[in-house]
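Chemist: Mind looking at a prediction? Sequence and model below.
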Amino acid sequence: MDTGLKNKHILITGAAGGIGLETVKTFLREGARVTALYHRGEGELPSLAADGRLTTVSADVRREEDVRAAFRHASETFGRVDVSVSNAGIANEEGIGVHEMSLEQWNRTLTVNLTGAFLCAKYFFKNLEEFPGKSAALVLVGSTAGIFGEAWYSDYATSKAGMYGLMMSLKNEIVYLAHRGRVNMVNPGWTRTPMAEGALTDVEMVKRIHQTIPMKKTATTKDIAHAIVFLSSDQLAGHISGQSITVAGGMEGRALYTPDEALSWGDGK
């Protein structure tokens with residue numbers, strides 16, 4: 001099926017690994033031109049640039065000047081950015097209760113995940129103002145943590161929940177710059193990425209995760225990348241805006257306890 005993405009210009013943050021890298025590869029297979037933003041290392045990205053349809057930029061999405069410069073580089077290289085994918089995100093490796101969480105950790109997580117998404121949206125919209133066109137798409141990458149919450153990771157869950165309000169607001173703004181412009185969101189559940197690999201090597205943790213998922217499986221990065229590409233395509237999703245698509249195998253929530261733990265102090269004991 002033709003996605004209509006050939007020669008479209010896509011900018012992706014957090015593009016060097018996991019979901020971001022797989023999304024870059026998927027867009028390139030569709031014939032798109034891609035500006036890939038990375039923070040610390042390019043990883044596999046240089047090996048994908050052989051045919052001239054990929055350019056890479058080192059950028060910290062917390063820094064406005066970095067984001068401004070990245071969009072400037074993108075437009076100078078491939079012209080108007082047609083689609084922006086805000087994928088960059090962090091989560092603390094070790095969970096911590098809110099009563100012990102430092103303000104520094106809280107601020108860092110919200111600044112990368114939420115302020116970074118805001119800055120990328122800001123300069124994507126400026127790009128649309130500079131390069132008028134009928135269509136455009138912004139895709140935010142959230143998380144099921146923003147829907148169900150995540151004990152011991154309240155900073156991460158809050159940052160992802162905030163993206164929903166950003167999406168619902170920006171879907172009403174983008175049409176003033178591109179009258180067929182769309183803003184949507186993809187919420188991955190547990191996905192086999194380097195960030196989640198530690199937890200997913202724990203058999204008991206995997207059992208607990210699968211207790212909440214009808215399909216009894218964790219996602220691959222391809223599962224998420226395909227949803228992002230779908231929402232980016234005017235051909236496939238041209239009348240979809242303001243929607244949050246959860247890619248989590250039907251997850252309805254998280255098991256708070258193992259079967260044994262559930263019996264340990266219930267019924268008012």
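Modeler: Received it, and whenever you're ready, just let me know what you need. Numbers count the residues shown, from 1 in each chain.
Chemist: in the stretch 101-250 of the chain, which segments are predicted with low confidence?
Modeler: Residues of the stretch 101-250 of the chain meeting the criterion pLDDT under 70: 195-199.
Chemist: neighbours of residue 242, just the number please.
Modeler: The local packing of residue 242 (other C-beta atoms under 10 Å) involves 15 other residues. The way it works is simple: take the backbone N, C-alpha and C, and place the C-beta from them, glycine included.
Chemist: Let me see the contact set for it.
Modeler: With contacts defined as C-beta atoms under 8 Å, 6 or more residues apart in numbering, the neighbours of residue 242 are 167-168, 171, 183-184.
Chemist: Quick check: the farthest pair among the residues you listed?
Modeler: Using C-beta to C-beta, the contacts of residue 242 reach their maximum pairwise distance at 168 and 184, which is 10.5 Å.
Chemist: Please enumerate the strands of the stretch 101-250 of the chain.
Modeler: Secondary structure of the stretch 101-250 of the chain by DSSP state E, counting those that start in this stretch: the strands cover 135-141, 180-188, 244-247.
Chemist: on that earlier part again, out of the contacts of residue 242, which are buried?
Modeler: Buried positions within these, assessed by neighbour count (16 or more other C-beta atoms under 10 Å), are 167, 171, 183-184.
Chemist: C-terminal to the helix or strand that contains residue 25, what's the next element?
Modeler: Per DSSP states H and E, residue 25 falls inside helix 18-29. Later in the chain than helix 18-29, the nearest helix or strand by DSSP H and E is strand 33-38.
Chemist: circling back: would you turn the buried ones among the contacts of residue 242 into a markdown table with distance to residue 28?
Modeler: Output for those, formatted as a markdown table (distance: C-beta to C-beta, whole Å):
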| residue | distance to residue 28 |
| --- | --- |
| 167 | 26 |
| 171 | 27 |
| 183 | 23 |
| 184 | 21 |
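Chemist: what residues are up against residue 168?
Modeler: Neighbours of residue 168 in contact, by C-beta under 8 Å, 6+ apart: residue 242.
Chemist: one step back: dump the strands of the stretch 101-250 of the chain to TSV, plus distance to residue 81.
Modeler: Formatted as TSV, the strands of the stretch 101-250 of the chain follow (distance: least, C-beta to C-beta, whole Å):
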stretch	distance to residue 81
strand 135-141	8
strand 180-188	12
strand 244-247	22
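Chemist: For residue 40, which of those strands is the nearest?
Modeler: Closest to residue 40 of the strands of the stretch 101-250 of the chain, according to C-beta to C-beta: strand 135-141, at 18.6 Å.
Chemist: Now that closest one - C-alpha only, PDB.
Modeler: These are the backbone C-alpha positions of strand 135-141, laid out as PDB (Å, rounded to 0.1, in the frame of the first residue of the first chain):
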ATOM      1  CA  SER A 135      -0.600  19.300   4.900                       C
ATOM      2  CA  ALA A 136       1.600  18.500   7.800                       C
ATOM      3  CA  ALA A 137       1.800  16.000  10.700                       C
ATOM      4  CA  LEU A 138       3.100  16.100  14.200                       C
ATOM      5  CA  VAL A 139       3.400  12.800  16.100                       C
ATOM      6  CA  LEU A 140       4.100  12.700  19.800                       C
ATOM      7  CA  VAL A 141       5.400   9.500  21.300                       C
END
